[in-house]
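Participant: Below: sequence and its predicted model.
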Amino acid sequence: MVSLKLFGESFTFAFKALVQNKLRSILSLLGITIGIFSIIAVFTFIDSFQLSLQKDVNNLGSNVIYIEKWPWTFGKDYPWWKYWDRPQPNTNEMDFIEKKCKSAEASAFTFGTNSTVEYLNSSVDNVSVNGISDNYNHVVNWVQIDKGRYFTPNEFSSGTNVAIIGCDVAAGLFAGQDAMGRYIKVLGRKVLVVAVMKKQGESKLSDINMDVSVLLPANFERTLLDMRNRWMPKVILVKARQGVTNAQLISELRGIMRSVRELKPEQEDNFALNESSMVSKNFTSLFDIVAVIGWVIGGFSILVGGIGIANIMFVSVKERTSLIGIQKSLGAKNYFILMQFIIEAILLSLFGGLLGILIDGTAVLIGNANDMGLVLTFSNIMLGITISVLIGLISGFIPAYTASQLDPVEAIRSTYLPE
Amino acid sequence: MVILNFLIAFSPSIKKINEFYPALFSLVMCLQFISLVGIWYMKRWGVELFVVSFFAKDILSICMDDFSFGGLSFIISVILIIVLLFYYRNMDKNL
């Protein structure tokens, strides 16, 4: 109880000292504010990006292998001319994979082009029109239906003129009206809208944006496009079975694809086996560098801020030396004086840190108002508060300890007069 | 050295180990700094706090799977503790 009372008294003394010197307090906490703001801003940015990246990887499927003509990542000496003449994957190869691959749970085929989609007088340009096979929604997670239904097996097999459209396409064509059951014009043919997808935003990992997409049954779209066109992207997607690693699946798929394309042992692969981690790894390493730069800038700001607080605390001790002497002569213990100055330093630093976090929070709100999807996590807020408190403790300890060790007689005799 | 370690506690690489590792690691660094001030003033509490912070740091590192037995800081800390314990009786008991 006595300790609590002493702590309360120390707190009151410290708070009064800070309030008495408002301008000095504000100036000395600015360094900490900038430091905490920089560090937490960088961590917030990185965490938000990682969350978004994780969402994209989940949508692409962390256990899905994409068999394509072109690889997703390019090395330093990228031999593009080798990939130029590669054949595109086709549905026969997918059927062969489905028969032979033991590590695969499901596989799908997709191909597409960009086109203008029309409804009466409205149109949306540059829409990605993709033909998909029936297992497509089992392999990837980005076919998220908001209204309506997925294609039926009959629609897939017979190639019925039905479509699932992205939310931006629906908004562009129907302007808030119900899109279900209406006919839109895609690649010169009328198709019936059977579903509208949820808003998903743009992917950071790939150029896929389901909001500006139209999905058609593959057997229908193949009647609208020239399937012999070698520039039209075609992809076989293969999802790994539970317990099968991507490496195992890639190894098996490589063997199957080489066998179906009748490649000799000395011949190189003429297909690319892509996975989402290939792209996310590149992003992660880039953001590691950004995090280190942010940390170095923030770290130095905090260091300078800490030195500023230590300096102010030394001035504060010097100013109040005679007061310390009086307190000690009236029976104040060393730890009471120590606590008084430490609390003052911690409060100063904590206010600085809270101000930095507040600026971060405001920046996040402004960013989210512009659809940036930033998240200021609880752990980052706690980290900011911890850094501030500990910096205050470190900066204030030496001045506070010096104050606590003062001789009362010498301290009372002190003649330092502040301005 | 301790101040630099304190700043390293908030580095992205430390944060990657565990969300709360930077906070705990920096707390231990802070205790170590305070203990060094105590040792500078030849106080017994400085040695005691240094020993506590040394074990706290190692236990934390073991828990986070980040412990290196023959690390430079580990060896320096052990030597320092031995030297300090040798002079412990001559140190001041008061705060």
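Facilitator: Yep, that arrived.
Participant: what's the domain layout of chain A?
Facilitator: Here the domain parsing of chain A from automatic domain parsing is A:2-56+A:281-413, A:87-270.
Participant: Any idea which of the ones you listed gets closest to chain B?
Facilitator: domain A:2-56+A:281-413 (3.7 Å; Cβ to the nearest Cβ). Heads up, the C-betas are built off the backbone N, CA and C, glycines and all.
Participant: so which of the domains of chain A is the most packed in?
Facilitator: domain A:2-56+A:281-413 (a mean of 19; mean count of other Cβ atoms under 10 Å in any protein chain shown).
Participant: Span of that domain from start to end?
Facilitator: One end of domain A:2-56+A:281-413 to the other measures 30 Å (Cα to Cα, to the nearest Å).
Participant: For chain B, tell me whether that domain is touching it.
Facilitator: Yes - Domain A:2-56+A:281-413 reaches chain B (Cβ under 8 Å from any Cβ of the partner chain) through A:39, A:43, A:46, A:288, A:291-292, A:295, A:298-299, A:302-303, A:334-335, A:338, A:379, A:382-383, A:386-387, A:390, A:393-394, A:397-398, A:401, A:404-405.
Participant: Mind jotting down where the helices sit in the stretch 301-419 of chain A?
Facilitator: Remark: helices assigned in the stretch 301-419 of chain A by DSSP state H, counting those that start in this stretch are A:321-329, A:334-369, A:378-404, A:408-413.
Participant: Who are the contact partners of residue A:339?
Facilitator: Taking Cβ atoms under 8 Å, 6 or more residues apart in numbering or on different chains as the contact definition, residue A:339 lies against A:6-7, A:10, A:400.
Participant: contact partners of the helix or strand containing residue A:138?
Facilitator: Assigned by DSSP states H and E, residue A:138 belongs to helix A:136-139. With contact meaning Cβ under 8 Å, 6+ apart, helix A:136-139 is reached by A:61, A:64, A:105-108, A:110, A:143, A:150, A:215, A:237-239.
Participant: what do you get for stretch A:166-180?
Facilitator: A:117-119, A:122-124, A:127, A:146-148, A:165, A:182, A:184, A:193-199, A:209-214.
Participant: restrict those to those near chain B?
Facilitator: Okay, of these, nothing touches chain B (Cβ under 8 Å from any Cβ).
Participant: any idea which helix or strand carries the closest residue to residue A:87 other than its chain neighbours?
Facilitator: Once flanking residues are discounted, residue A:87 sits nearest to residue A:270: 6.6 Å by Cβ to Cβ, 6 or more residues apart in numbering or on different chains. Using DSSP H and E, residue A:270 falls within no helix or strand.
Participant: Hmm, residue A:270 is touching residue A:263, no?
Facilitator: Yes - applying Cβ atoms under 8 Å, one finds residue A:270 in contact with residue A:263, separated by 6.8 Å.
Participant: mind listing the helices in chain B by residue range?
Facilitator: Remark: helices assigned in chain B by DSSP state H are B:2-8, B:12-17, B:21-40, B:44-63, B:72-87.
Participant: ok so, going back, go through the contacts of helix A:136-139 and name the one nearest residue A:307.
Facilitator: residue A:61 (50.7 Å; Cβ to Cβ).
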